[in-house]
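Visitor: Sequence and computational prediction follow.
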Amino acid sequence: MKTVFHKSTDRGHADHGWLNARHSFSFASYHNPSKMHFGLLRVLNDDIVAPGMGFGTHPHDNMEIVTIPLKGALEHRDSMGNIGVIHPHEIQAMSAGSGISHSEYNHSKTEEINLLQIWVFPKERNITPRYDQRVFTEEEKIGKFKTIVAPVKSADVMWINQDAYFSLGKFKAGSAVDYTIQHNGNGAYVFVIEGEAKIENYNLEKRDALGIWEADKFKIDITKDAEILVIDVPMN
């Protein structure tokens, strides 16, 4: 097993007034040669957006983009004609493919929104752009990992154009959970959204992350009530 530990306090930080962003990997003006990506996971941004503010219309291509609202509501519009509002317990997945333009705004005029925006390099380039959003209930994630994004087309998960799997779980202190890598050659980037956990000799607090590869499975001990995201991605 190989590992890389990323403390929350070591993330890149940009405060634009309307946007307070933390970058797990190099992004925009934050550049850290040792944090360019984890396998094919390229971006994990932890964004707080002020009321009524957001990202104006901008283009993307050949990137798989997953957005997870943690608090508040996010308004989405894109060049395919999709218009929607995403709330906590909903997930947005988008294949930028051959090219798409979109905007993302805080839907509320009075409350902040906190969201995770995640980019993964695609398996196939220049596919037809695609947008989806889906609700995953709280009950589906209690005491176990619920796979929310996977490279399969079914009613239970959101499809991604990569051999990648995103799983969310909520766990009580004192419990433990085993995670098994879902695709041969993949690694797992374990991101603690809330709470605290221990993996091997690493104590992970809120927003800490541990990258694990060259392992088939690993155990997570929950030391404080926790919500955990695992991003299971090819390493090359």
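Guide: Sure thing, it's come through. As the structure is a prediction and not an experimental result, all values here were calculated from the model.
Visitor: What strands flank the strand ranked longest in the chain, and is each parallel or antiparallel?
Guide: Criterion DSSP state E: the longest strand present in the chain is strand 217-234. The sheet places strand 217-234 alongside strand 165-171 (antiparallel), strand 176-180 (antiparallel), strand 186-199 (antiparallel), with pairing taken from DSSP bridges.
Visitor: Any buried residues in that strand, and which?
Guide: The neighbour-count check on strand 217-234 (16 or more other C-beta atoms under 10 Å) flags 218, 220-223, 226-234 as buried. Every residue, glycine included, has its C-beta placed from N, CA and C.
Visitor: pLDDT of it, averaged?
Guide: In this model, strand 217-234 carries a mean pLDDT of 98.
Visitor: where in the protein is pLDDT low?
Guide: The chain contains no residues with pLDDT under 70.
Visitor: follow-up on the earlier one: just give me how far the longest strand of the chain sits from the chain centre.
Guide: 13 Å (C-alpha atoms, centre = their mean, to the nearest Å).
Visitor: rewinding a little: quick one: which of the buried residues of strand 217-234 is nearest to Ile65?
Guide: Using C-beta to C-beta, Ile231 is the member of the buried residues of strand 217-234 that sits closest to Ile65, with 12.9 Å.
Visitor: Surely the closest one touches Asn186?
Guide: No. With contact defined as C-beta atoms under 8 Å, Ile231 does not count as touching Asn186 (9.7 Å).
Visitor: Which residues are in contact with each of these two?
Guide: Residues touching both Ile231 and Asn186 (C-beta atoms under 8 Å, 6 or more residues apart in numbering) are Ala164, Tyr165.
Visitor: returning to what we had before: among the strands paired with strand 217-234, which is nearest Val152?
Guide: Closest to Val152 of the strands paired with strand 217-234, according to C-beta to C-beta: strand 165-171, at 9.4 Å.
Visitor: Any chance you could list what contacts that closest one?
Guide: 66, 68, 91, 118, 136, 138, 141-151, 160, 177, 179, 182-183, 186, 195, 197, 220, 222, 225-232.
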